[in-house]
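Asks: Here is a sequence with its predicted model. Questions after.
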Amino acid sequence: MPCPFWDEWAVVKQIGQGNGPLSFHWLWSQQNEHRLAVPRLAVWLDLFRFGGRNVSLFVEIFLVQLLHLGAIGHVIERYTEEPVALKRSLQGLFAFAVFHPNQIENFTWAFQIGFVWPFLLATLALIAVAFFERWRHPALAITLAVLAPITAALGVAGGLLIAPVSIVLAAAKRLPGRYIAALSGAFLASAVAYLYGYRRSATDLPAVAVLSHAKDLFVYFLTYFGASWTRILPHKERTIACISLIAYAALLIGRVRWASKTSDLEWFLLGECTLMLATALLTAFGRIQFGVGQAFASRYQTPAMLYWSGLAGLALIQVRRSWPQRLAIAQAILLVVMLASIATFPKAWRATNGRAAALRSACQAVMGPNFRPEDARELYENPEVIREARPFLRKIWGRGSPKGAVVK
């Protein structure tokens, strides 16, 4: 669909009012609870360089996912000593997770470039720390880990969580103290900068009120990961998520207890799982007011699938270490689960196409000569934002990028 969708309309309106890359205030300003500098820049480029039809944003989304998979696949191939069969299983597992249609919203909503980008940065930061000894230039690895949190936070606020997980991972691996100090100092500085002048969103609950919903928070947390299983095992998703947390805790305790025998790959997978759990918990705190059902949103499946692939990878490595003769059985079980998931793809495809048809129809109506609020509400909750952004977008579509456009 060439039209913007939801929050993207607000960004298009702001750009139509003259905001652009040279406006630091605009880039840094909040939209709800996030500072959206990266997606705002991406939308600006799409409007002024690619005709404003979202094509460049979708290309960027899939490019980010390819880079994400490539980074994980590379370190598994080059920096681990696992058997070839296990390497291929792990690479296939992450390929399955990174492009799984559970996260269909992130593949069909152009503005989600700002959501998938931070998880690529998170993986790169964890790779830099977990495989620190493999880097020829240690300072480069630490620089990547230092810059990732604040850069990711310019897409989603939770990007800042990369830093504490990286610091704990660095401490567990007993990296030199100066590098841990550099990570800690950078995190403190970036957190202070990010939170300076920060305003709580009007829809956010006060912290005390959130804590009073402890049960709902836990259910939301379980749903966040359990939603991955809804199409395969409906009504069992939260139970599966709860069991996975027990397995994660057991694997974490075991690897920390035997830290000297824990491989770099295992540290990376533990870091990935931990970060995704922290992301889900932060989301629960920020979204519980919308109800537990909101945790089923498909956009949250990008971190959820990374969690499941990380946990499955840890389990495969543990089986190979403790019961090598049973590795083939574990791989077969994993393959059966993946095939069962593939069987749900056609239904998801039909549902997505039906939704896409409705949105394209609304887009055509909104961009036509007669504006109707009921059509606009299909694309954004506030029709007035679309009414104000519409003339600018029609100008972009009709004549290409306006020459001499004022950019504040």
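Replies: The structure has been received and is ready for your questions.

Asks: pLDDT weak spots in the stretch 201-350 of the chain?
Replies: The stretch 201-350 of the chain contains residues with pLDDT under 70 at 201-209.

Asks: which residue ranges form the helices in it?
Replies: Using DSSP state H, counting those that start in this stretch, the helices of the stretch 201-350 of the chain run over residues 207-211, 214-226, 237-257, 264-287, 301-322, 327-342, 345-366.

Asks: Using TSV, please lay out those together with mean neighbour count.
Replies: For glycine as for every other residue, the C-beta is placed from the backbone atoms N, C-alpha and C. Below are these laid out as TSV (neighbours: other C-beta atoms under 10 Å):
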stretch	mean neighbour count
helix 207-211	11
helix 214-226	19
helix 237-257	15
helix 264-287	22
helix 301-322	22
helix 327-342	14
helix 345-366	14
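
Asks: In CSV: the ones you listed, plus distance to Pro21.
Replies: Compiled in CSV, those are given as follows (distance: least, C-beta to C-beta, whole Å):
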stretch, distance to Pro21
helix 207-211, 35
helix 214-226, 34
helix 237-257, 41
helix 264-287, 28
helix 301-322, 27
helix 327-342, 41
helix 345-366, 27
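
Asks: So which of those is nearest Ser184?
Replies: Minimum separation from Ser184 across the helices of the stretch 201-350 of the chain (C-beta to C-beta) falls at helix 264-287, 16.2 Å.

Asks: Mind giving me the packing neighbours of the closest one?
Replies: For helix 264-287, the packing partners by 3 or more C-beta pairs under 8 Å, 6 or more residues apart in numbering; DSSP states H and E come out as helix 55-78, helix 113-130, helix 162-172, helix 214-226, helix 237-257, helix 301-322.

Asks: For Ala362, which of those helices is the nearest?
Replies: helix 55-78 (18.6 Å).

Asks: what's the following helix or strand after the closest one?
Replies: Using DSSP states H and E, the helix or strand that follows helix 55-78 in sequence is helix 84-98.

Asks: Could you point out which of the helices of the stretch 201-350 of the chain sits nearest Ala145?
Replies: It is, among the helices of the stretch 201-350 of the chain and with distance given as C-beta to C-beta, helix 264-287, at 10.8 Å.

Asks: Got the domain ranges for the protein?
Replies: As given by automatic domain parsing, the domain ranges for the chain are 11-53+350-399, 58-202+213-343.

Asks: can you list those in TSV and add distance to Cys3?
Replies: Shown next, in TSV, are the domains of the chain (distance: least, C-beta to C-beta, whole Å):
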stretch	distance to Cys3
domain 11-53+350-399	4
domain 58-202+213-343	10
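
Asks: Could I get the phi/psi values of Ser23?
Replies: Ser23 adopts backbone torsions of phi -100, psi 90, taken as degrees, to the nearest 10.

Asks: again, but for Asn382
Replies: Torsion angles at Asn382 (phi, psi; degrees, to the nearest 10) stand at phi -110, psi 100.

Asks: Contacts only, for it.
Replies: Going by C-beta atoms under 8 Å, 6 or more residues apart in numbering, Asn382 touches Trp9.
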